[in-house]
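*Asks:* I'd like to go over a predicted model; first the sequence, then the structure.
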Amino acid sequence: MDGITITRVSETKKGRMALFCGEEFLFSLDEETYHFYPVAEGQTLTAPELEKLRLLSETRKAKDKALDYLGLREYGSAELYDKLRLKFDEHSAAAAVARMEELGLLDDEAFALHRARALRDKKKSRREAARLLAEKGLDRDTIQAALDQVYREEDEEEALRSLIQRQYSRKLSQGKRDAVWAALARRGFPAQKIRAALAEWQGRQEQEDENDTGWEFP
């Protein structure tokens, strides 16, 4: 039966075992895969056998990389899969994600809640938060449940007050109300709440102006 003969097996700087056929590098095996499936110089393997070894090793490598990523920050399952796909094939990436879920290291609902709280604290509107969570690969139901739990009715009102005071009060003072309205709308705030927040800001300004120009008697 035709096959491929392994002519050299050498350890790489990263501790993997590199397989060669003649002068051609085939691929490298991680330590665990090599332990369970030792390959010796002079051994002949069929193409399917070699492919099985490669997939086993790539999957193990993808799992290790997934652990590295999760050690740095939280991920949603879809986001982690997309990240792994930049380096690994579909099979290896999917197997790594499934293993992380088995280990309890991936929880889309908990991830969505954590991200939703962070977005709320950054004064993001509910609509913009939903868009940003969707970009993480979370499904609509998970996003909706997280936002329902995190966002209160008054959160957007507080966010608008804060944004107007910190970022847009100068433009409003210069009469650029339409530009501010457009900027807040792009952030996903509802028109009714923008209108109310701008009216509130205007009322405060008028009150401050009255206080500044009032007569004072000794």
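*Replies:* Alright, I've got the coordinates. Numbering: from 1, shown residues only.
*Asks:* Which parts of this structure are helices?
*Replies:* For the chain, helices defined by DSSP state H occupy the ranges 31-36, 47-72, 77-85, 90-102, 108-121, 126-135, 140-150, 155-163, 169-173, 177-186, 191-213.
*Asks:* quick check, distance from the helix or strand bottoming out on mean pLDDT in the chain to the centre of its chain.
*Replies:* Confidence across the helices and strands of the chain bottoms out at helix 191-213, with a mean of 80, counting by mean pLDDT, DSSP states H and E. Helix 191-213 sits 38 Å away from the centroid of its parent chain (Cα atoms, centre = their mean, to the nearest Å).
*Asks:* what about the protein, any weak spots by pLDDT?
*Replies:* 1, 209-218 (pLDDT under 70).
*Asks:* Tell me which residue is most central in it.
*Replies:* Lys136 (4.8 Å; Cα atoms, centre = their mean).
*Asks:* my guess is that one meets Leu80, correct?
*Replies:* No: counting by Cβ atoms under 8 Å, Lys136 does not reach Leu80; the two are 9.8 Å apart. (C-beta placed from N, C-alpha, C; glycine too.)
*Asks:* what sits against the residue nearest to the centre of the chain?
*Replies:* Counting by Cβ atoms under 8 Å, 6 or more residues apart in numbering, Lys136 touches 76, 78-79, 111, 115.
*Asks:* ok, now with 7 Å
*Replies:* Applying Cβ atoms under 7 Å, 6 or more residues apart in numbering to Lys136 gives the contacts 76, 79, 115.
*Asks:* is it true that the last one touches Ala130?
*Replies:* No: the pair Arg115 / Ala130 is not scored as a contact, 11.0 Å apart, by Cβ atoms under 7 Å.
*Asks:* re the thing from before, which one, of the helices of the chain, ends up nearest to Lys13?
*Replies:* Of all the helices of the chain, helix 31-36 sits nearest to Lys13, with 13.2 Å by Cβ to Cβ.
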